[in-house]
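> Show me the folded form of this:
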Amino acid sequence: MLDTQLRKQLFYRMLRIRMVEFGIADRYGEQEMRCPVHLSIGQEGVAVGACAALGPDDYMMSMHRAHAHCLSKGGVLKAMLSEIYGRANGCSAGMGGSMHLIDLSVNMLGSTPIVGGSIPVAVGTAFGSWMKGEKRATMVFFGEGSTEEGVFAEALNFAALKKLPVIFVCENKKYSVYSSMSVRQPAGRSLTEMVRAHGVNASKGDGNDVEAVYRLCLDAVQGALNGDGPTFLEFETYRWLEHCGPSYDNNIGYRTEEEFLEWKKRCPLDNYRAALIRDGVIAEDEITGREESFRREIDEAFAFAKQSSFPEEEEFLGRVYAPGGGR
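Okay, here's the model as predicted:
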């Protein structure tokens with residue numbers, strides 16, 4: 001059993017992320033966030049449990065669905081929301097939007113919308129740590145669709161060859177945009193077995209059980225720091241909303257309402273809340289008080305983002321190329 005303080009932290013981190021993302025969904029129709037948003041409502045257990053296993057010196061990278069990962073690593077909420085609103089004080093100076101989040105203050109090294117695109121960068125980061133003899137792990141998040149990209153196999157091979165301190169965290173939510181696993185991968189394929197064939201340790205867990213995620217990731221991080229090499233962790237979970245945007249989309253035919261409701265019963269936040277109340281770890285009035293505190297923080301962060309300035313026109317090309325150089 002995890003200690004009481006850690007269990008509370010895991011729950012409140014999931015609660016805060018859920019409230020932030022519903023806040024984004026509620027305001028998206030105002031047409032002030034002029035970038036796509038990929039929300040991970042329903043998947044908070046993976047982000048929170050995994051990042052809780054990282055130390056402050058460890059690196060983390062993400063993908064297009066990055067809000068929960070950024071906040072779980074300790075990223076600054078105001079800077080994240082300002083980025084989504086395209087403001088100059090956003091974490092990417094207002095020029096990247098929702099899919100290009102970064103917060104170097106907590107070693108969140110960035111996210112990329114290209115499917116599988118962050119995987120080789122994370123392996124390169126771990127290679128740098130290995131070359132310098134640093135005691136740092138690198139964790140990279142991606143969906144199961146990324147395992148179908150060629151760069152995934154290349155990254156596994158190199159990480160295994162050099163025994164790099166990298167943890168591959170796969171959030172298997174069953175769909176890549178609107179395509180199910182059945183039309184993308186052959187029946188009976190096991191991702192963990194495929195990864196083990198590359199010489200990488202691999203395990204599978206319940207992504208809606210935040211404590212199970214934390215334990216598996218903690219073992220992987222400790223193994224990486226001890227020189228045991230890379231680990232691949234597959235966590236089954238489910239996104240509630242549409243692939244991209246603030247709405248529910250069960251009506252368009254690629255998944256059923258029945259399937260959605262079955263997964264909703266496995267909600268990582270609601271079930272953990274019930275378990276903590278049952279175990280006497282937390283009380284309803286404490287949760288209510290924290291919800292009010294989060295609501296004030298979130299409202300203030302949105303107001304801050306909306307009131308912030310846009311980048312100046314002359315800044316638009318200033319971050320495209322590295323300074324200096326020449327032919």
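> Name the residues of the helix or strand harbouring residue 169 that come out as buried.
Per DSSP states H and E: residue 169 is located in strand 166-172. By 16 or more other Cβ atoms under 10 Å, the buried positions in strand 166-172 come out as 166, 167, 168, 169, 170, 171, 172. Every residue, glycine included, has its C-beta placed from N, CA and C.
> can you list those residues in a markdown table and add distance to residue 282 and pLDDT?
As requested, the buried residues of strand 166-172 are arranged in a markdown table below (distance: Cβ to Cβ, whole Å; pLDDT from 0 to 100):
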| residue | distance to residue 282 | pLDDT |
| --- | --- | --- |
| 166 | 34 | 98 |
| 167 | 29 | 98 |
| 168 | 32 | 98 |
| 169 | 27 | 98 |
| 170 | 30 | 98 |
| 171 | 26 | 98 |
| 172 | 29 | 97 |
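> Out of those residues, name the two that are farthest from one another.
166 and 172 (18.7 Å; Cβ to Cβ).
> follow-up on the earlier one: export the buried residues of strand 166-172 as a markdown table, with columns for distance to residue 63.
Formatted as a markdown table, the buried residues of strand 166-172 follow (distance: Cβ to Cβ, whole Å):
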| residue | distance to residue 63 |
| --- | --- |
| 166 | 15 |
| 167 | 15 |
| 168 | 12 |
| 169 | 10 |
| 170 | 11 |
| 171 | 9 |
| 172 | 13 |
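> any idea which of these is the one closest to residue 142?
Looking across the buried residues of strand 166-172 and measuring by Cβ to Cβ, the closest to residue 142 is residue 170, at 6.1 Å.
> relative orientation of whichever strand or helix holds residue 47 and strand 166-172 in degrees?
Element membership for residue 47 (DSSP H and E) is helix 44-52. Orientation of helix 44-52 against strand 166-172 (axes from the mean of the first three to the mean of the last three Cα atoms, to 10 degrees) gives an angle of 170 degrees.
> Keeping just the C-alphas, turn helix 44-52 into CSV.
Extracted C-alpha coordinates of helix 44-52, given in CSV (Å, rounded to 0.1, in the frame of the first residue of the first chain):
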residue,chain,number,x,y,z
GLU,A,44,-5.4,10.9,-16.4
GLY,A,45,-4.2,7.7,-14.6
VAL,A,46,-1.4,7.1,-17.0
ALA,A,47,0.0,10.6,-17.0
VAL,A,48,-0.2,11.1,-13.3
GLY,A,49,1.0,7.7,-12.2
ALA,A,50,3.9,7.7,-14.7
CYS,A,51,5.2,11.2,-13.9
ALA,A,52,5.0,10.6,-10.2
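> Can you list the residue ranges for strands in the stretch 1-150 of the chain?
59-62, 108-111, 138-143 (DSSP state E, counting those that start in this stretch).
> Nearest to residue 197, out of the ones you listed?
Among the strands of the stretch 1-150 of the chain, strand 138-143 sits nearest to residue 197 (Cβ to Cβ), with 18.7 Å.
> Just want the angle from the closest one to strand 166-172.
20 degrees.
> where along the stretch 51-200 of the chain do the helices fall?
67-72, 77-84, 118-132, 150-162, 191-196 (DSSP state H, counting those that start in this stretch).
> Which other helices and strands does the first one contact?
Right, the one you point to is helix 67-72. helix 4-28, helix 44-52, strand 59-62, helix 77-84, strand 108-111 (3 or more Cβ pairs under 8 Å, 6 or more residues apart in numbering; DSSP states H and E).
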